[in-house]
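J.: fold the following.
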Amino acid sequence: MQITKNLAVLCENTALDKDNKISLFNVFDAINVSVIPGVYPRLYCVVNFEVKDLPANKRELQAQLKIRKPGGDYIGPGIQVVVPVDPVKKVQSIGTIFEVYNLLFSQEGAYSAEVFIEDNLEAKVNFTVKVKV
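T.: Numbering: from 1, shown residues only. You can find the predicted model right below:
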C-alpha cells in the first residue's frame, strides 16, 4: 500500500456542503494563549491522502492524531478514527477530520500535529505556541 499526503492543516472550524466538499475556516500555524499553562478550546486537524494498491481485503484504515510538544513527548494518548476505504479501487482519495477539544499547552515552543495511518507517520503539521498578552 502506498500513501501520499495531499493536504494536512490545522484550523478553527470546518464545514461540509451538500456535495461533501469541505470548507476550512481560520487555517493557522501559531496558537496564542494568554498564560502558560494554557488551554486552547477547539481545533481541527484536516487531512487528505491518496492511497494506492490496498490489500484486497482491506475495508478500513486506522488513523491517529498525536500532538507532539517541545522536547518530543506527546500530549495524551491521541485521537483514533476509522477511515472506510474501497478495496476494489486501485487509487482513491481518503480524508478525515480530527476534532480536538481543550488542548492543554504546558509550555511555549514548537509543536506538531502528527497523523499516523496504520501506525505509520504520514503527515505532520508544525505549529508554535506562544504567550500573547
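
J.: how close does the residue positioned nearest the centre of the chain sit to Ala123?
T.: In the chain, the centroid-proximal residue (C-alpha atoms, centre = their mean) is Cys45; its distance is 3.6 Å. Using C-beta to C-beta, to the nearest Å, Cys45 is found at 9 Å from Ala123. All C-beta atoms are positioned from the backbone trio N, CA, C, and that covers glycine.

J.: okay, and the common contacts of those two?
T.: The contact sets of Cys45 and Ala123 overlap at Ala8, Val115 (C-beta atoms under 8 Å, 6 or more residues apart in numbering).

J.: from memory Lys130 sits against Ala30, does it?
T.: Yes - using C-beta atoms under 8 Å, Lys130 is in contact with Ala30, at 6.8 Å.

J.: picking that back up, what helix or strand is the residue lying closest to the residue nearest to the centre of the chain once chain neighbours are set aside on?
T.: Among residues not flanking Cys45 along the chain, Phe98 sits closest, at 4.3 Å (C-beta to C-beta, 6 or more residues apart in numbering). Secondary structure assignment for Phe98, by DSSP states H and E: strand 91-105.

J.: quick one: buried residues of that strand?
T.: Using 16 or more other C-beta atoms under 10 Å as the test for burial, strand 91-105 gives Ile94, Thr96, Ile97, Phe98, Val100, Leu103, Phe105.

J.: tell me how far the fifth one lies from Val9.
T.: Put plainly, it is Val100. For Val100, the distance to Val9 equals 13 Å [C-beta to C-beta].

J.: need the overlap of contacts for the two.
T.: Taking C-beta under 8 Å, 6+ apart as the contact rule, Val100 and Val9 both touch Cys45.
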